[in-house]
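Chemist: my questions concern the predicted model and sequence given below.
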Amino acid sequence: LAPAQRPRGRDGMAALGAAHVGRCASTATAPRKRQAAPQRHVRRAAAVAPGASQDTADPEQRVRPPAHSGAYDFELEVAAQAVRVASHLCQRVQARLLNNVAGYGEQGKGDGSEVTVADYSAQAVISYILQTAFPDTKLSLIGEEDSGDLRNQPVTLAAVVETVNEALNSPSAQIGPLVSVGGVTLTPEQVCEAIDAGASMGGREGRHWILDPVDGTYGFVQGDQYAVALAMLDDGELVVGALGCPNLPTRTEFLAYAHRYHRLLKRLFPPPDDTLWDKGCMFLAQRGCGCTVEPVGDSHVVAQNIAPVPVKMSKRGPEEATFCEPVRKGVSNQGRNATIADLMGVKAKPLRLYSQVKYGALARGDADIFMKFPKSTYKEKVWDHAAGVIVVEEAGGVCTDAAGRPLDFAEGRLLDSCDRGIVAASDTLHTDLVRAVAMSFDSAML
C-alpha cells in the first residue's frame, strides 16, 4: 500500500507538544517503561481569525494543536488525525445514504448484521493512515470488517474505493502529525487489503490497535448517532483512545431527541457561520493524561482553531443522576436497567443513544451511569467498547463488567471473561451500581 513517496512517520516528526512537557508526568505515572521516542518534525498551527474559513487557510499551517503531553503523544495525534478523516468521510456517506444515492445503501453481512460504504471505507482509511504513520512495524489492527462480501459487490466496492480516495485527499487529511496522507489513488485491491489488515487477534504483548469504523451502524443508517472508535493496546493495557461522534450535539438537551429533530432545528434556526460547536465532537484520551473534547467540524470546516477542552465526569448523586442505555431493546435488557436504576434511587428517565456515543456522553457529564446487559449467549466485541472505556476512565469514571471486574481487552477479539454485562459510572456511583446489579440478579433467581 505504501506509495513510493510519502512521509515517514516516526523518523519524520518532531516532538509533539514540547511546550507542555512534564504536565502529564506531574499528574500520573507512565503505564510502562519505554524508550524515548525519536524527534518528530511537526508544523505548528497558525492562529486563525474568528470567522475565517479554515478551508482557505494555508495548507502548510493546518496542524491541530497538541491535546496532551505524555508517553503516547504521537500515537494519540495519529489516532486523532485518522478518526477526524474517517468522521468527515462518514458525514459525507451518511448524507448520500439518506439521499438515496446509488451504491451507498446499507448491505447485509453473512452474520445478519448491517454494513455500509462508510464501515468499509472508514476501516480502509484508518488502516492506511496507521500504516503510513508506522511504516517500519507490521500493523496489528483488530477491526470489525473484512472484504469477503465486498469483493463480490462491484457497485458497493466502486463506491468504497471512490470514498476512500476522496477522504485521503481531503483537507481534513492534512491536519495532524503526518504532513500528508494524500497524493495517492488506491486501487480496489489496495483498498480491500487495507480493510483486511484488521484481522489481528490481538494479545498481551506488543501494540495492537482496536477499531470500530462505524459503531452503531443501525443509528447511522437512520441518520442518527454513531461513532468512529479507535484505541490502542500496549502490552495488554489500553493507553490511547480516540472517539469521534460526528452527530453528537453540543447542547445536552438535544440528546433527548432523535437526531433528525436536531437536523430540522438546524434548518429552522441555522447556527452562526463561524461556529464549530454546533454538532460533532471528538474525545481523546491518553492513559494518565486525562480526556479532552474538541469539535470534529464537518467536510467543509477544518476545526483547528479551538483548543481541546478537558472533560470530567459529573459527581452527581443518585437522585440527580441520569443513566444511559442502548436504544434497541434487543441489544440490552431495558427492564433490568430500570430495576437497577430504581434500586439506586435514580429518578430521571433514561438517556437512550446508539453506539459508543454513550461513553462520550458520560465523559462530558451528559449522563452519569451506563448499563448494558445483553442476552446470556452474546459475547461482547472488543471494538464495541475499547475507545469508549479509556475515554470514560480518563474522564474520572470506572468501567467494569457486571461483577465489578476490569474489562480485559487483551483476550483477543472478544471479551470472553466479561460477566453478564458492562457498567460504567463515576467513582462516586460505581460501587452502588455494582451492588444494585448484584441485587437485581439475585432477586431474579428467587
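Modeler: That came in fine, so what should we check first?
Chemist: how about the longest helix along the chain: buried residues?
Modeler: In terms of residue count, the longest helix belonging to the chain (DSSP state H) is helix 73-98. For helix 73-98, a neighbour-count test (16 or more other CB atoms under 10 Å) marks 73-94, 96-97 as buried. Quick note: C-beta positions are derived from backbone N, CA and C, even for glycine.
Chemist: quick check: phi and psi on the nearest residue to Val240 once chain neighbours are set aside?
Modeler: Once flanking residues are discounted, Val240 sits nearest to Met232: 4.1 Å by CB to CB, 6 or more residues apart in numbering. The phi/psi pair for Met232 (degrees, to the nearest 10) reads phi -130, psi 130.
Chemist: how about the helices of the stretch 1-150 of the chain, start to end?
Modeler: Secondary structure of the stretch 1-150 of the chain (DSSP state H, counting those that start in this stretch): helices at 73-98, 117-133.
Chemist: let's have those in a markdown table, adding mean pLDDT and distance to Ser426.
Modeler: Formatted as a markdown table, the helices of the stretch 1-150 of the chain follow (pLDDT from 0 to 100; distance: least, CB to CB, whole Å):
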| stretch | mean pLDDT | distance to Ser426 |
| --- | --- | --- |
| helix 73-98 | 95 | 24 |
| helix 117-133 | 97 | 31 |
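Chemist: for Val309, give me its contacts.
Modeler: Residues near Val309 by CB atoms under 8 Å, 6 or more residues apart in numbering: 292-294.
Chemist: flag the least confident of the residues you listed.
Modeler: Lowest pLDDT among the contacts of Val309: Glu294, with 91.
Chemist: ok, then the element right after the helix or strand bottoming out on mean pLDDT in the chain?
Modeler: Least confident helix or strand of the chain, by mean pLDDT, DSSP states H and E, is helix 259-268 with a mean of 60. Next helix or strand after helix 259-268 toward the C-terminus (DSSP states H and E): strand 279-286.
Chemist: neighbouring strands for that next one, and are they parallel or not?
Modeler: Paired strands of strand 279-286, with direction, are strand 237-249 (antiparallel), strand 290-295 (antiparallel) (DSSP bridges).
Chemist: tell me what angle it forms with helix 73-98.
Modeler: Note on geometry: by axes from the mean of the first three to the mean of the last three CA atoms, to 10 degrees, strand 279-286 and helix 73-98 are set 150 degrees apart in direction.
Chemist: how far does strand 279-286 sit from the chain's center?
Modeler: How far strand 279-286 lies from its chain's middle: 7 Å, per CA atoms, centre = their mean, to the nearest Å.
Chemist: average pLDDT across that strand?
Modeler: 92.
Chemist: picking up where we left off before, redo the helices of the stretch 1-150 of the chain as TSV? Include distance to Gln225.
Modeler: Formatted as TSV, the helices of the stretch 1-150 of the chain follow (distance: least, CB to CB, whole Å):
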stretch	distance to Gln225
helix 73-98	11
helix 117-133	14
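Chemist: give me the below-cutoff pLDDT ranges for the stretch 51-200 of the chain.
Modeler: Applying pLDDT under 70 to the stretch 51-200 of the chain flags the ranges 51-68, 112, 180.
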